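# show me the folded form of this:
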Amino acid sequence: MYRDIFKNKHTILPVIHVENNAQTLHNVLIAKEEGADGVFLINHGIDSSELSKIHEFVINNVDFWVGLNYLGTHNVIAFCLANENKYISGIWTDNAEIDERFGDNQFAAKSNEKARISSGFQGLYFGGVAFKYQKPVTDLVTVAKIATQYMDVITTSGPGTGHAADIEKIKTMKSAIGDFPLAIASGITPENVENYMDFADCFLVATGISDSFTMLNREKLRSLIKKVR
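Numbers count the residues shown, from 1 in each chain. From the prediction side, this is the model:
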């Protein structure tokens with residue numbers, strides 16, 4: 001499903017921290033004009049309902065792949081919210097609730113899967129695995145393999161916002177999952193992206209291509225895309 005949508009070898013999805021309609025659309029247009037594959041919108045200072053409204057405004061004004069991260073909202077609720085707006089291209093959650101202690105008995109992940117199916121959501125699910133600010137993972141291989149059963153794109157990160165992921169961590173996870181899509185969602189910059197291109201399929205990027213918390217930098221994004229393409 002992922003490869004049916006994203007044809008480039010590497011997918012670049014700028015992450016936009018939304019404030020309002022005009023600011024969000026401005027950033028989405030920068031991403032589209034510079035050749036990104038789509039964007040993720042994420043809410044920090046606004047609630048989930050406002051994020052949905054801004055998403056609706058954006059897709060009514062530009063034809064583009066636009067996913068959402070309902071920050072601080074449980075996965076089950078996120079899929080319910082997605083069901084209310086059929087045009088959400090993807091849902092990204094920071095914690096897909098894959099637990100290395102439980103082997104095949106992934107009760108939380110199965111609950112999320114049930115909610116996704118019952119919601120009717122047809123987009124891509126980017127699930128956070130070994131993700132920043134979540135429960136630490138010791139067995140990356142086991143967790144990554146289990147995760148392939150519950151999401152479309154395994155999404156991992158460095159230790160914090162703006163911090164690059166350890167390259168050995170990325171290598172280990174990719175070796176465990178083979179051709180299954182792996183995304184990195186922190187610390188990617190035009191200067192370091194080449195270090196990850198042999199092991200990651202998708203880059204969710206904000207800090208490394210931004211002027212501020214809410215505004216993308218066109219030239220930095222252009223430089224990143226040039227390096228990756």
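
# for this structure, what helix or strand is lowest in average pLDDT?
helix 75-84 (a mean of 86; mean pLDDT, DSSP states H and E).

# and the following helix or strand past that helix, what does it pack onto?
Using DSSP states H and E, the helix or strand that follows helix 75-84 in sequence is strand 90-93. If contacts are counted by 3 or more C-beta pairs under 8 Å, 6 or more residues apart in numbering; DSSP states H and E, strand 90-93 sits against strand 39-43, strand 66-69, helix 75-84, strand 124-128. (C-beta placed from N, C-alpha, C; glycine too.)

# so what's residue 51 up against?
18, 41, 42, 43, 68, 70 (C-beta atoms under 8 Å, 6 or more residues apart in numbering).

# coming back round to it: closest one to residue 111 among the helices and strands packed on strand 90-93?
Distance to residue 111, taken as C-beta to C-beta, is lowest for helix 75-84 among the helices and strands packed on strand 90-93, at 6.5 Å.

# tell me which residues are up against the closest one.
48, 52, 68, 70, 73, 88, 91, 93, 95-97, 111-112, 115-116, 119-121, 123.

# can you show me the helices along this structure?
Along the chain, the stretches classed as helices by DSSP state H are 2-5, 21-33, 48-59, 75-84, 107-119, 140-147, 167-177, 218-228.

# isn't residue 177 right next to residue 154, touching?
Yes: between residue 177 and residue 154 there is a contact at 6.5 Å, judged by C-beta atoms under 8 Å.

# more neighbours: which of those two?
Remark: of residue 177 and residue 154, residue 154 carries more neighbours, 29 against 17, as counted by other C-beta atoms under 10 Å.

# coming back round to it: common neighbours of residue 177 and residue 154, please.
When contacts are counted by C-beta under 8 Å, 6+ apart, residue 177 and residue 154 have 144, 147, 148 as shared neighbours.

# which ones are touching the last one?
Applying C-beta under 8 Å, 6+ apart, one finds that residue 148 lies in contact with 154, 177, 180.

# ok so, going back, and which of the shared contacts of residue 177 and residue 154 is nearest residue 127?
For the shared contacts of residue 177 and residue 154, the nearest to residue 127 is residue 147 (6.5 Å; C-beta to C-beta).

# next, count neighbours for that closest one.
Neighbour tally, residue 147, other C-beta under 10 Å: 26.

# got a list of what the residue nearest to residue 187 when sequence neighbours are not counted touches?
Nearest-residue entry for residue 187: residue 164, 3.3 Å, with adjacent residues in sequence omitted and distances by C-beta to C-beta, 6 or more residues apart in numbering. Listed by C-beta under 8 Å, 6+ apart, the contact set of residue 164 reads 158, 186, 187, 188, 189, 192.

# of those residues, which is the most crowded?
Neighbour max across the contacts of residue 164 (other C-beta under 10 Å) = residue 188, 28 neighbours.

# can you read off the pLDDT for that one?
With respect to pLDDT, residue 188 scores 97.

# same check on the one 3 residues further on?
We note a pLDDT of 97 for residue 191 in this prediction.

# need phi/psi at it.
Recorded main-chain torsions at residue 191 are phi -80, psi -30, according to degrees, to the nearest 10.

# okay then, goodbye and thanks.
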